[in-house]
Structures are given as C-alpha cells and as structure tokens.
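# following is a predicted model, sequence given first.
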Amino acid sequence: MQQLMAVALAVTVSAGAFFCVPAAAVSASPDDGLDAGYIGFRLLEAPVVRRDDPRALKYIVDHLKPGTTIERRFEVANQSDTGREVKLYAAAAKIAKNRFVFADGRTPNALSEWTSVRPGVMVLEPWEKAEAKVTIRVPKEAAPGERYAVVWAQNETPPDARHNIGSIMRVGTRVYLDISDSGEYADFRITKLVARRDKEGRPSVVAHVHNTGKRALDLQGKLRLLDGPGGLDSPNRPVTQGTTLPPGGRGTVSVDGLDERLPAGPWTARLELESGTVKHTLSARLTFPAPGGTSLATIITASGPGFWYASAGVLATCGAGLSLMSYRRRRASTGQA
C-alpha cells in the first residue's frame, strides 16, 4: 500500500531530538510497487541522529540501550469514499532466507511485546486522516542484539449479502531495533561478481555480499557496463531489491533485465551498492558466457565510504571523520513489510 506523506511538527522525547518528515518523501509497499489502496500510513517524525540515512526514511531504525523508551508519531489516512475502522498494533517479524518476513496476524515476539500503539482502534470518515503514536519500552534486562517487528494499520471487510468472501488489508512500517550498551556498527563487503546467461540467452550479473557489521542491511544499487566491444556502453541498471542480510549474513543481489543482444564482452562493470549510509563500489572486468553458463569477473578496484559507526550520539563514516548524522522517515507495507 502506498504510504501517504505530509508535513508534521518536530517533537522531543526521552530518546533525543526529532524532526518532521517532509511531504515530498513518498513511501510505498515493501517491494516498492505502488498501490493506492484504501489505507495510507506514514511516519511523521524520526531522530535527528539519522537525518542522512535514506533507509531510516522508510522504517523505524534505532539503536538503544536497555531501559530506554522511545516514541514515534505516525499518520493513518482513509483513502476511500467509505468510512473505515482501522486497528493499530505491532506484530513479529524476522529475517529468513535473506528476506524481511512478517508473521501472520498478531503473532508476537519480544520486540512487538515491548511495543504499544495508541489508539488501538480508530474510526475514520471518508478521506479522513488521524495521528497515532507507537511507544517502544526496552526492558533493563534486555539482551544485546537486533530485533525486528512491524507496526500495522489493519482494516477488515467482513462478508456481506453481496460478497461471500471477506478481506483483510494492512499497511505499516518495519522496525529494526538494535539493543546494546556499546556503539552501533554497520558495513558490508562485495566478495565477487558473476556474469550469467540463462538458457534463453538473457544476461544478468550477480554480486555476492557479506554483511560484516552488526545491523541488518537492505541492499539496493545500480550497475553500469562500460568499455565494451567497439567502445559500447550500457546505461545504468538497478539492482533487484528485496535482499535483507542479517548481521554476519551472506547473500546475493542481481541485476536483471539486461539486453539479450549485449555482446559477450569483455566489459568494465561498475557496481554501486548501498544500505542506508553505508556505500561501496566495485569495478571489475567481465565477459558474458554462452547461454546456460556463468563467468567469474576479475575485480579491478573495490572502494567506498566504508563502515558506519555510532557511539554516544556521534556518528562516524570512514573518510568523513566525525559528523552529526540524522534520521527521517517513510514507508508502508502490505502483504510483506
């Protein structure tokens, strides 16, 4: 479901300073497919310490010490001509097979049990918007580690005389919460690049990635092919999104949809990958194989701003020194958060 955006006032809570989310920052469903739907959901504020983190514009992402309480305001909108009752709640989520997976219904986990949403129910007139608040209270005895959940807004349409099948629609935002008394560290490494052609001759490029940090990563990026036969260049192609690597995890991201008329090469491939403020680039020389085959690229250079580290309210990025970072908003979800 598409997440609506609006201007909100900044507030200050026990976890630190917050700022409003700009109206221009529009969010969509977890797979980035746009669908207006009937219910809109958007965060209204986020910590100043993550202002430059584009990933934090989409989700509730934070790093807290045990015993900390935080609050976030969000807005729910009825995007229809019919009045709707919307239930608000938090439920479990996890990372499985390098995907962010939400649990069925109201299935709980530790993070969802620390999370409360007020009000629990709101009745919205046609095209009406209303604010709600999510509060996360981390117990003093909470063990270190990253936890996952989803804050949901749910509307149910029961069967009636005209429809013998009811429906449940829910939108929301992911929650990535890291608990630790020490600093926060995020980074990854691109370990290899592989050129492929399927049996029908369609080319693709697959990057193998290792999450070397302590935070989950939502990978995105782009690939460009340069210096091909006869000086050919290929325009930027986006990395297929949806890969979420847990701390220490390994996985792949692919660049599909390349023109099947591309000559074998060799090509210079320039890959840019990022998750939030962590960005890395890689240049490699590759040649596409015959249909049904794979070919390992030869890495030329691998570079990037490097790790992202936060401690005691100060963030550091390699190559940029110590700097104050901050955080914003965004994102709704349907079928998958």
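Alright, I've got the coordinates. Numbers count the residues shown, from 1 in each chain.
# residues of stretch 230-248 that come out buried?
Buried residues in stretch 230-248, defined by neighbour count with 16 or more other CB atoms under 10 Å: 234, 237, 239-240, 242-247. In short, each C-beta sits where N, CA and C put it, glycine included.
# so which of those belong to strands?
234, 237, 244-245 (DSSP state E).
# and Leu111, that one's in a strand?
No - assessed with DSSP: H, G, I helix; E, B strand; the rest coil, Leu111 is helix; it does not lie in a strand.
# number of nearby residues for it?
23 (other CB atoms under 10 Å).
# now do it, the pLDDT please.
Note for Leu111: predicted pLDDT of 98.
# likewise for Gly16?
Confidence score, pLDDT, at Gly16: 41.
# out of the buried residues of stretch 230-248, who's nearest Asp227?
Nearest to Asp227 out of those is Ser234 (CB to CB; 10.4 Å).
# beta partners for that closest one?
On the basis of DSSP bridges, Ser234 takes part in beta bridges with Leu225.
# help me confirm that it comes into contact with Lys222.
No - look at Ser234 against Lys222 with CB atoms under 8 Å: they stay out of range, at 11.4 Å.
# okay, and the common contacts of the two?
Shared contacts of Ser234 and Lys222 (CB atoms under 8 Å, 6 or more residues apart in numbering): none.
# the helices in the stretch 101-250 of the chain, which residues?
According to DSSP state H, counting those that start in this stretch, the stretch 101-250 of the chain carries its helices in the segments 110-114.
# low-confidence ranges, it, go.
Filtered on pLDDT under 70, the stretch 101-250 of the chain yields the residue ranges 158-164, 166.
# now do the contacts for the closest residue to Thr69 other than its chain neighbours.
What sits nearest to Thr69 in space, not counting adjacent residues and going by CB to CB, 6 or more residues apart in numbering, is Arg137, at 4.7 Å. Neighbour list for Arg137: 69, 114, 116 [criterion: CB under 8 Å, 6+ apart].
# Ala91 versus Arg137, what's the distance?
17 Å (CB to CB, to the nearest Å).
# tell me what Gln220 is bridged to.
Note on Gln220: beta-bridge partners by DSSP bridges are Glu274.
# now the residue nearest to the spatial centre of the chain: how far from Asp259?
Taking CA atoms, centre = their mean, the centroid of the chain lies closest to Asp218, which sits 5.1 Å from it. Asp218 sits at a distance of 28 Å from Asp259 (criterion: CB to CB).
# kindly report the same for Arg224.
As judged by CB to CB, Arg224 and Asp259 stand 13 Å apart.
# neighbour count winner among those two?
Between Arg224 and Asp259, counting by other CB under 10 Å, Arg224 is the more crowded of the two (16 against 11).
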